[in-house]
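Enquirer: Fold the stuff below for me.
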Amino acid sequence: MFKRSHTCGELRKSEIGNQVSLNGWINTVRLHGQVVFVDLRDRYGKTQLVFNTDTYPGDFEQIKHLSMEDVISIRGTVQHRAPEAVNPEMPTGEIEALVNEMILLSEAAPMPFVISDRESALEDLRLKYRYLELRTEELQNYLMLRHRAYQAVRNHLTNQNFIEIETPVLMKSTPEGARDYLVPSRIHKGKFYALPQSPQTFKQLLMISGFDRYFQIVKCFRDEDLRADRQPEFTQIDMEMSFVDEALVRETCEDLTKAIFKQVIDEELPDTFPIMTYVEAMDNYGSDRPDLRFGLQLQDCKSFTDQSEFNAFKSSEMVKCIVLNKAKGYSRKVIDGLTDLVKKYGAKGLAWMKVTDGELTGGIAKFFPAGLQAEMINSLGMENDSIIFLIGDTAPVVLPSLGALRNELAKREGMLDDNIYKPLWITDFPMFDYDEESQRHVAMHHPFTAPHPDDIDLLESDPGQARSRGYDLVINGHEIAGGSIRIHDTKVQQKVFKLLNIGEDEARAKFGFLLEALTYGAPPHGGIAYGFDRLIMILAKTGQIRDVIAFPKTTSAMSLMDGTPNVVSNEQLKELGIQLIEK
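Expert: So this is what the prediction gives:
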């Protein structure tokens with residue numbers, strides 16, 4: 001192999017006449033009689049090579065048998081391309097290398113798919129041969145973007161006096177929220193470690209230890225159902241600060257987010273990000289992570305349906321609607337598909353009407369008298385060729401159903417511009433959800449989130465109405481980061497545990513080390529964790545989180561490339577004191 005003098009994306013006219021050495025993969029081969037043209041590729045770019053029988057002293061038959069993805073090493077002289085062969089689309093498009101020596105380093109087997117075209121194969125095949133898919137320019141650009149984001153985070157936070165500290169990967173299982181991934185202990189048979197869902201307790205301990213500004217870029221693990229923007233193992237930018245309130249955490253987070261977008265994709269975000277309460281977000285957008293790139297806000301329709309003859313909504317706690325103006329192509333078949341969508345969120349159906357020549361037509365329009373129709377059209381901002389979709393039910397059904405419909409309509413109507421970024425904060429989350437199945441309160445975020453100062457008394461009288469000091473950063477409909485001010489008072493922490501049906505013995509067993517640490521002088525503290533993979537997905541303008549992870553899992557938490565998860569031998573199980581039970 002020749003020692004590389006340049007990369008394949010580096011040569012320019014200034015190198016003409018110079019001897020160079022290049023190494024890389026063959027991207028294309030073009031045979032032209034006694035001349036063979038080869039595009040040689042590495043991660044920096046491509047350079048055209050020329051093999052000419054008049055000047056190449058080696059075995060020219062070997063050159064004619066070169067194939068795509070063979071790995072070669074060459075020496076040659078940089079020369080001008082012929083004027084008609086100049087390629088302005090390539091940075092190296094004005095030059096080529098006339099080869100006088102070549103070594104075939106590795107001969108490639110036939111490719112399972114075309115490397116230059118990801119769409120030439122289904123995703124399962126590409127994931128099986130992920131190391132080949134990673135050769136594509138698209139994925140290489142995504143991972144280089146990810147690298148730049150890593151550096152931007154570390155540089156920015158270091159300049160803001162944050163200290164990068166690693167926390168343990170083997171920790172104690174605290175089954176609150178998603179399921180833990182468990183790791184059996186060989187030495188302590190019958191006992192298990194857990195992989196961290198997040199470094200929550202450790203970063204609080206670091207605040208108690210006096211490290212007032214901590215961060216790390218850390219792997220986390222959750223055994224939960226997957227989707228397009230979720231993986232079983234994922235990366236967080238984890239941050240925690242002492243002596244802060246929500247406003248200071250948000251300000252610090254905004255500065256970091258703006259720095260990442262500017263340094264990585266040269267995008268200027270707003271100086272300050274708007275703030276919306278959880279109640280406002282749910283009421284107007286049907287989601288606690290609303291996409292503000294488009295309108296289609298939810299509107300209250302109950303006063304109109306109550307006056308109508310449509311009795312199905314008369315007993316509904318809530319009736320809301322979405323108005324889509326200039327609607328084209330909403331056939332009965334399309335509406336049936338949208339109905340199936342909202343049924344996944346608990347809606348019993350999807351009512352609709354269209355505006356034609358100033359009147360409501362189709363759907364449930366016959367139940368609305370002319371005067372009421374005119375009032376609705378005017379009040380709800382409907383135009384000719386508008387369509388209105390209505391759902392009536394309880395708030396937990398109506399809001400998320402219409403929220404999902406809103407997003408689907410935006411996709412259908414081409415309202416999702418990847419070149420627009422709309423960040424906002426969601427605040428004042430409920431402190432607790434209520435789990436009907438277990439008949440108990442569960443933490444909306446996690447059990448260490450502090451209650452809103454104005455709602456402390458509600459923990460005793462009406463915990464379901466208590467707000468937390470949690471906050472989420474949302475960009476374009478994705479939750480990018482979430483955090484809270486933490487509880488630093490053991491009495492408040494014990495009260496929250498009690499509401500979560502975590503008794504003193506259980507609290508001591510699960511969190512005793514943290515509860516004890518809080519008694520030794522704990523500063524007020526709070527923090528936030530970014531979903532780093534999700535952030536990169538937005539920066540890369542791809543809707544698939546697997547695109548920005550080098551070796552991702554499928555939605556069934558499998559790696560098709562190496563066959564993970566796999567079976568282990570009986571000897572390994574015996575050593576761990578584990579016996580499998582067949583179902």
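Enquirer: Where do the strands of the stretch 101-250 of the chain begin and end?
Expert: 163-164, 182-184, 192-194, 213-221, 233-242 (DSSP state E, counting those that start in this stretch).
Enquirer: May I have the fourth one as CSV, with CA atoms only?
Expert: Just to be clear, that refers to strand 213-221. Output of strand 213-221 as CSV, limited to C-alpha atoms (Å, rounded to 0.1, in the frame of the first residue of the first chain):
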residue,chain,number,x,y,z
ARG,A,213,-22.5,22.6,36.8
TYR,A,214,-22.2,19.1,35.5
PHE,A,215,-22.8,17.5,32.0
GLN,A,216,-22.1,14.4,30.1
ILE,A,217,-23.0,12.9,26.7
VAL,A,218,-24.3,9.6,28.0
LYS,A,219,-25.9,6.3,26.8
CYS,A,220,-29.3,5.5,28.4
PHE,A,221,-31.4,2.4,28.1
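Enquirer: I'd say residue 178 and residue 223 touch.
Expert: Yes. Assessed by CB atoms under 8 Å, residue 178 is found in contact with residue 223 at 6.5 Å. Where C-beta positions appear, they are placed from N, C-alpha and C, glycine not excepted.
Enquirer: Provide a list of residues in contact with residue 570.
Expert: When the contact criterion is CB atoms under 8 Å, 6 or more residues apart in numbering, residue 570 has no partners at all.
Enquirer: any idea which of the strands of the stretch 101-250 of the chain is most buried?
Expert: Relative to the other members of these, strand 233-242 carries the highest mean neighbour count by mean count of other CB atoms under 10 Å, namely a mean of 23.
Enquirer: Could you list the residues in contact with it?
Expert: 153, 157, 162, 198-199, 203-204, 206-207, 212-222, 248-249, 252-253, 256, 481, 483, 523-533, 535, 553.
Enquirer: Could you pick out the buried ones from the residues you listed?
Expert: Neighbour-count burial within those applies to 153, 157, 162, 198-199, 203-204, 206-207, 212-218, 220-222, 249, 252-253, 256, 481, 483, 524-533, 535, 553; the criterion is 16 or more other CB atoms under 10 Å.
Enquirer: returning to that earlier point: select from the contacts of strand 233-242 every entry located in helices.
Expert: Among those, the members falling in helices (DSSP state H) are 153, 157, 203-204, 206-207, 248-249, 252-253, 256, 532-533, 535.
Enquirer: Between these, which sits nearest residue 459?
Expert: The nearest member of the ones in helices among the contacts of strand 233-242 to residue 459, counting by CB to CB, is residue 204 at 20.0 Å.
Enquirer: Report pLDDT for residue 427.
Expert: Reported pLDDT at residue 427 in the predicted model: 97.
Enquirer: Once you drop chain neighbours, what's closest to it?
Expert: Sequence neighbours aside, residue 471 is the residue nearest to residue 427 in space, at 5.0 Å (criterion: CB to CB, 6 or more residues apart in numbering).
Enquirer: wait, the one you found sits on residue 452?
Expert: No. Taking contacts as CB under 8 Å, residue 471 lies outside contact range of residue 452: 11.4 Å.
Enquirer: Who has more neighbours out of these two?
Expert: The residue with the greater number of neighbours, taking residue 471 and residue 452 and applying other CB atoms under 10 Å, is residue 471; the counts read 25 against 18.
Enquirer: so where's the longest strand in this protein?
Expert: The strand that spans the most residues within the chain, counting by DSSP state E, is strand 19-32.
Enquirer: Relative to that one, what are the paired strands and their orientations?
Expert: Sheet pairing for strand 19-32, assigned by DSSP bridges, gives strand 35-42 (antiparallel), strand 71-80 (antiparallel).
Enquirer: Pull out the buried positions in that strand.
Expert: Buried residues in strand 19-32 (16+ other CB under 10 Å): 20, 21, 22, 23, 24, 25, 26, 27, 29.
Enquirer: now it: mean pLDDT?
Expert: Computed over strand 19-32, the mean pLDDT rounds to 96.
Enquirer: gap between it and the chain center?
Expert: Distance of strand 19-32 from the chain centroid (CA atoms, centre = their mean, to the nearest Å) equals 37 Å.
Enquirer: Ok, stretch 260-278 next?
Expert: Distance, centroid of stretch 260-278 to centroid of chain: 16 Å (CA atoms, centre = their mean).
Enquirer: Pull the contacting residues for the residue nearest the centre of the chain.
Expert: What sits nearest the mean C-alpha location of the chain, by CA atoms, centre = their mean, is residue 534, with 2.2 Å. When the contact criterion is CB under 8 Å, 6+ apart, the partners of residue 534 are 229, 478, 479, 480, 545.
Enquirer: One more: residue 64?
Expert: The neighbours of residue 64, taking CB under 8 Å, 6+ apart as the test, are 31, 36.
Enquirer: what's the answer for residue 511, then?
Expert: Counting by CB under 8 Å, 6+ apart, the residues that residue 511 touches are 174, 201, 497.
Enquirer: redo that, cut-off 10 Å
Expert: In this structure, residue 511 makes contact with 172, 174, 176, 201, 447, 448, 493, 497, 502, 517, 518, judged by CB atoms under 10 Å, 6 or more residues apart in numbering.
Enquirer: Including neighbour count and distance to residue 429, could those residues go into TSV?
Expert: Compiled in TSV, the contacts of residue 511 are given as follows (neighbours: other CB atoms under 10 Å; distance: CB to CB, whole Å):
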residue	neighbour count	distance to residue 429
172	16	26
174	18	21
176	16	16
201	20	21
447	21	14
448	21	14
493	21	18
497	22	19
502	20	20
517	18	26
518	23	23
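Enquirer: Return the item of those having minimum pLDDT.
Expert: Pick the lowest pLDDT in the contacts of residue 511 and you get residue 176, at 59.
Enquirer: what residues do residue 471 and residue 452 have in common as contacts?
Expert: 246, 427, 428, 429, 485.
Enquirer: Now, the residues you listed that are in helices?
Expert: The helices, defined by DSSP H, take in residue 246 from the shared contacts of residue 471 and residue 452.
Enquirer: Counting only strands, which of the shared contacts of residue 471 and residue 452 make the cut?
Expert: Filtering the shared contacts of residue 471 and residue 452 for membership in strands, criterion DSSP E, returns 427, 485.
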